[in-house]
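Undergrad: give me coordinates for this.
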Amino acid sequence: MSILSQWQTQQPSSKYAQVMALLTLLWIALPLLQQLPLGVSLLFGVLMLVRLLLTMVGIGGLPTWLNIVLMFVAAAAVYGQLQTIFGQEGGVSLLLLMAVIKSFEGKTTRDWQVLLVAALFLVAGALLFQQSLQIGIWLVLSLLLIFSSLCLLNGMSWQFAWRNTLWALGLSLPLMVALFLLVPRFPEPLWRLPTQQNTSKTGVSTELTMGDMAQVIESNELAFNVSFKQGVLPQPNQLYWRVMVMNEFDGNTWRAATQQTMLQDALRISGKPLDYEITLQDFEGHIPALEQVTQLDESMQLRENQVIVAKRPYAQLRKVALQSVLSPTIPERLSQGQTRHWLSLPAHGNLRSRDLARTWRSSSQDEAEVVAKALDFFKTKGFAYSLSPGKLQQNGDQIDQFLFDSKVGFCEHYASSFVVLMRAAGVPARVVTGYLGGTYNDNGQFLQVRGKEAHAWAEVWLPSKQAWVRIDPTAVVSTTRIDDGINAALPEQMGAVEGMLPASLQKWMASSQFYWQQWVVNYDADNQQALFARLGMGALTVTKWLLVALVVLCVTIAPVWWWWRRQYRQRIEPLSAGFMLIKQFFFEEDSDERWHYGAQDMQQWLQTQQLLTPTWQKLLQQYNNLRYAQNQAPADQSWQWYRQVKKALKATKR
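TA: Numbers count the residues shown, from 1 in each chain. A predicted model of the protein is given here:
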C-alpha cells in the first residue's frame, strides 16, 4: 500500500474517498445505534446526514469554534440520556458522537485518516455489547471497509484498494488466529463487563403479570445453549429451567424478593447427578438451572428457593458449569413465619376464587387432595391454552376474571391462578418462572433454548413430604406443551416465531452460533488448556508455550513478510531511491540547486568537500553504469547497489 509523506497528508482528499470514509463510519455505527439511547442515535443520524451533504457540495470542514460547540452539545446529550459520560454506554456513546464530529474537521487527508483510526475503537466498543456470530461477520466487513478507505485516501483506485486490502487481511489471518489461540488467556474473556442496569433480554423478569409470557413467546431470540456431559439428554418434560421464584402478589403482579444464600448441605437431595454447561447472558443476575442443583462453579451461588445467581452479573455472554439431580421436589422444613409468608394474599379482591378454595379445603382430608381438586377444576371446566388469551382488567380481580369468565390463558395464567387458589385454601405455594424444554441440535449435540420456551409453573409445600413439590397446571390443559414443546402446542401460531428460513438452514446457523460461542467468545484459560491437551501436548507450561508460539508465529508471519517485501519492491525504484538517500545524507535542506545534481555533479561536489572516498566514487560510477550504460538495469543488480548504499551510509560519518 502506498504511504503518504507528511506534505501529502496535509493535502485535501478526494470527494469519493471522503464519502467512502463516512459510509464506513455509518456501517460501524449500525450495531451501536441499536444498543445506545434513542437521543444519542438521533443526534448521530443528524450529524452524519449534515456531514454527507456538506461533502457532496464540496465543503471540507467547519470552523474550529463550531466543532468545539458541537463537542459540548454531544457531551451534554450523552449526559442527558445516561446521567454519565463514562462507563460502557456513556463512553461508547461519547466516542461515537466525537467520531462523527471529527469528520467536520475533514480539511486534509490526515483528518480523514484520524477519523478511520477512531472507527477502529468503535469496532472494539461494539464487542462490549454483543459477541454473536453476526457481530463477528460485521467486524470482518468493518475492517475491510476501514483499510480500503485508507487506501482510497492514499490515492489508490477502488480496484487497487480492495485488492490490497483483501491481500493484507487474508495473509494476516493466520497470524491473527495464532495470536488468538496462543496468547495466555485470563480466566474470563476480556470484554466481560459488569451489568450497569438490570435488564431482561428474553422476558424472564423479577415481575410477572398475566399476559407477559404470551408476549415473550412471540420471540425467537436465543436465551441460552446447553451441552450435556456423557451424552445424556433428559426428556423434554424434565427440562424445567428454573430462573425466578415469585413470592409477593398485589392482586395484579407477582414479584421476586431477594433471597439468602443457601448451604449446599441443606439440600438433602439424592439421585443420579447430571452435569451440563450453559452459555448465556445473565437474566438480571440470575442463571437458569435444572431442578435441583447440587453443584455449581465459583462464579455463582445457590440461594434459597433453589435460585442461582451470579456473584458478578455480566451483560455479555458467559459459560457456567452446573450439576443437578432431576427431581420435582425440594426438601425444606418451613417455620411458622415462613408458612405465613407463602400464604400471604392481598386483603381484598378475587372473592369467588377465595370462596372456591375454602370449599375445597373444607371437603378435603389433606393438602394433596386440595391440589388434586384444583387440577381437576382446570381439566373439567372448559379451560383452553392459547397464545392470545385476551386482556384482563387491572382491578385486583384478575384471577376471578380468568377462572370464571375468560377461561383462556397461557402458562402464567394457570400458574398464577393456581397459586392464589392454593394460598386461599391454606396451602403454601409460589410461582416459578423460567423455561421449559428446548430444541436439540444433532449437528452440534447441544440444546438450544429460545425466548419462545419461556414458561411459568407452581410449587406447593406439602407437610406430608416436608418438601416443595412442582405442580404445572398447564400440563392439565395442554399435555402437548409439556411433552412435545411450544411448537406442537401452538402449531397454528408458531409460523411467525419460527421464521421463513428452511429448517436445515436454521439448524446450520444454530450450530455455527454455538461453536462461535464455545471457541471464540468463551475461549478462556480452561479452553486453551483443553485445546493443547486435545492436540496431544498435555498441560500448557511456560516452556512449551514459548516453543509452540515461536514455531507458529514464524510460520504465520512468513506470508505477511513475503507480501510486505513484494509490495516494498513494487513501490520503490532502487536506483532513484538509493541516489536520493545519498543526497539527503550530504545536502542541507536549504540547498535547492544541489538536489538537481546528477551522479557526476555529485562526485565533483564530494571531491571539493573532501568527502569523496573510494567507496562513494565506486558507488556513483556504478550508478551511472546501471542507469545509463544499459537499456534497463537488471533488478537484482539494482537492489544489490541499493543495499550497498545503505550500508555505506551507516559507515560514513558526516
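Undergrad: I'd say A99 and V117 touch.
TA: No: using Cβ atoms under 8 Å, A99 makes no contact with V117, being 9.7 Å away. All C-beta spots, glycine's among them, are computed from the backbone N, C-alpha and C.
Undergrad: looking at the two, which one has more neighbours?
TA: A99 (22 against 13; other Cβ atoms under 10 Å).
Undergrad: what helix or strand is that one on?
TA: A99 is part of helix 87-102, with elements assigned from DSSP states H and E.
Undergrad: give the rounded mean pLDDT of that helix.
TA: If you average the pLDDT over helix 87-102, you get 91.
Undergrad: contact partners of it?
TA: 25, 29, 32, 35-37, 40, 43-44, 47-48, 51, 67, 70-71, 74-75, 77-79, 81-82, 84-85, 111, 114-115, 118-119, 121-122, 125, 128-129, 193, 196, 315 (Cβ atoms under 8 Å, 6 or more residues apart in numbering).
Undergrad: quick one: low-confidence residue ranges for the stretch 101-250 of the chain.
TA: 186-203, 214-219 (pLDDT under 70).
Undergrad: quick one, strands of it?
TA: Using DSSP state E, counting those that start in this stretch, the strands of the stretch 101-250 of the chain run over 207-209, 222-228, 240-246, 248-249.
Undergrad: sorry, back to before: and the helix holding A99, C-alpha only, in CSV?
TA: Output in CSV follows, covering the C-alpha atoms of helix 87-102 (Å, rounded to 0.1, in the frame of the first residue of the first chain):
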residue,chain,number,x,y,z
GLY,A,87,-18.8,3.5,31.6
GLN,A,88,-19.8,1.2,28.8
GLU,A,89,-22.8,3.0,27.4
GLY,A,90,-21.6,6.5,28.3
GLY,A,91,-18.1,6.1,26.9
VAL,A,92,-19.1,4.4,23.7
SER,A,93,-21.9,7.0,23.1
LEU,A,94,-19.5,9.9,23.5
LEU,A,95,-16.9,8.2,21.3
LEU,A,96,-19.4,7.6,18.6
LEU,A,97,-20.5,11.3,18.6
MET,A,98,-17.0,12.6,18.8
ALA,A,99,-16.0,10.4,15.8
VAL,A,100,-18.8,11.9,13.6
ILE,A,101,-17.8,15.4,14.8
LYS,A,102,-14.2,14.7,13.9
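Undergrad: burial count for K379?
TA: K379: 13 neighbours (other Cβ under 10 Å).
Undergrad: hang on, it in a helix?
TA: Yes: assigned with DSSP: H, G, I helix; E, B strand; the rest coil, K379 falls within a helix.
Undergrad: okay, it: pLDDT?
TA: Looking at K379, the pLDDT reads 92.
Undergrad: pretty sure it contacts T479?
TA: No: K379 is beyond contact range of T479, at 10.4 Å (criterion: Cβ under 8 Å).
Undergrad: from the contacts of helix 87-102, list the buried ones, please.
TA: Neighbour counting by 16 or more other Cβ atoms under 10 Å classes 25, 29, 32, 35-37, 40, 43-44, 47-48, 51, 70, 74-75, 77-78, 81-82, 85, 111, 114-115, 118-119, 122, 125, 128-129, 315 among those as buried.
Undergrad: picking up where we left off before, closest one to S386 among the strands of the stretch 101-250 of the chain?
TA: strand 207-209 (17.0 Å; Cβ to Cβ).
Undergrad: got the buried residues for that closest one?
TA: 208-209.
Undergrad: which secondary element of the protein has the worst mean pLDDT?
TA: helix 495-498 (a mean of 47; mean pLDDT, DSSP states H and E).
Undergrad: residue ranges with poor pLDDT in the stretch 251-400 of the chain?
TA: 258-269, 282-284, 313-316.
Undergrad: which residues of it fall in helices?
TA: 336-341, 351-362, 367-380, 398-401 (DSSP state H, counting those that start in this stretch).
Undergrad: and among these, the most buried is which?
TA: helix 398-401 (a mean of 24; mean count of other Cβ atoms under 10 Å).
Undergrad: what residues does the helix or strand that it is followed by touch?
TA: Following helix 398-401 in sequence order, the next helix or strand is strand 408-409 (DSSP H and E). Contact with strand 408-409 is made by 210, 383-386, 389-390, 402, 417, as judged by Cβ under 8 Å, 6+ apart.
Undergrad: and with 7 Å instead?
TA: Identification of contacts with strand 408-409 by Cβ atoms under 7 Å, 6 or more residues apart in numbering yields 384, 386, 389-390, 402.
Undergrad: which ones among those are found in strands?
TA: Counting by DSSP state E, the part of the contacts of strand 408-409 found in strands is A384.
Undergrad: out of the contacts of strand 408-409, who's nearest A425?
TA: F402 (17.2 Å).
Undergrad: and the closest one, how close does it get to F378?
TA: Noted for F402: a distance of 11 Å to F378, by Cβ to Cβ, to the nearest Å.
Undergrad: before we move on, back to that, just give me how far the helix holding A99 sits from the chain centre.
TA: Taking Cα atoms, centre = their mean, to the nearest Å, the mean C-alpha location of helix 87-102 is offset from the chain mean by 19 Å.
Undergrad: residue contacts, G444?
TA: 511, 514-515.
Undergrad: at 8 Å what do you get?
TA: 510-511, 514-515.
Undergrad: name the member of those with the most neighbours.
TA: Busiest of those [other Cβ under 10 Å] is F514, holding 23 neighbours.
Undergrad: was I right to think that residue contacts D442?
TA: No: the criterion here is Cβ under 8 Å, and F514 misses it with D442 at 12.0 Å.
Undergrad: buried residues in the helix ranked longest in the chain?
TA: When the chain is parsed with DSSP state H, its longest helix is helix 542-571. Neighbour counts over helix 542-571 (16+ other Cβ under 10 Å) mark 545, 548-549, 552, 556-557, 559, 563 as buried.
Undergrad: ok, stretch 512-524 next?
TA: Buried residues in stretch 512-524 (16+ other Cβ under 10 Å): 513-514, 516-518, 521-524.
Undergrad: just stretch 457-464 next, same as before
TA: Quick answer for stretch 457-464 (16+ other Cβ under 10 Å): 457-462.
Undergrad: for stretch 383-401, same thing?
TA: 383, 385-387, 389, 392, 397-401.
Undergrad: now do the same end-to-end measure for it.
TA: 13 Å (Cα to Cα, to the nearest Å).
Undergrad: before we move on, the earlier item: in JSON lines: the contacts of G444, plus pLDDT.
TA: Formatted as JSON lines, the contacts of G444 follow (pLDDT from 0 to 100):
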{"residue": "A510", "pLDDT": "72"}
{"residue": "S511", "pLDDT": "74"}
{"residue": "F514", "pLDDT": "76"}
{"residue": "Y515", "pLDDT": "75"}
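Undergrad: narrow those residues to those in helices?
TA: 510-511, 514-515.
Undergrad: what is the nearest of those to A424?
TA: A510 (44.0 Å).
Undergrad: mind giving me the domain split of the protein?
TA: Per automatic domain parsing, the structural domains of the chain span 6-156, 207-498, 572-651.
Undergrad: on that earlier part again, helices - which of the buried ones among the contacts of helix 87-102 land there?
TA: Per DSSP H, the buried ones among the contacts of helix 87-102 map to helices at 25, 29, 32, 40, 43-44, 47-48, 51, 70, 74-75, 77-78, 81-82, 111, 114-115, 118-119, 122, 125.
Undergrad: show me where the stretch 401-550 of the chain has its strands.
TA: Using DSSP E, counting those that start in this stretch, strands in the stretch 401-550 of the chain cover 408-409, 429-436, 439-441, 446-450, 454-462, 467-471.
Undergrad: what pairs with the longest one, and is each one parallel or antiparallel?
TA: Looking back up the chat, that one is strand 454-462. strand 429-436 (antiparallel), strand 467-471 (antiparallel) (DSSP bridges).
Undergrad: residues in contact with the shortest one?
TA: When you say that, I think you mean strand 467-471. 240, 291, 328-332, 371, 375, 418, 430, 432, 457-462.
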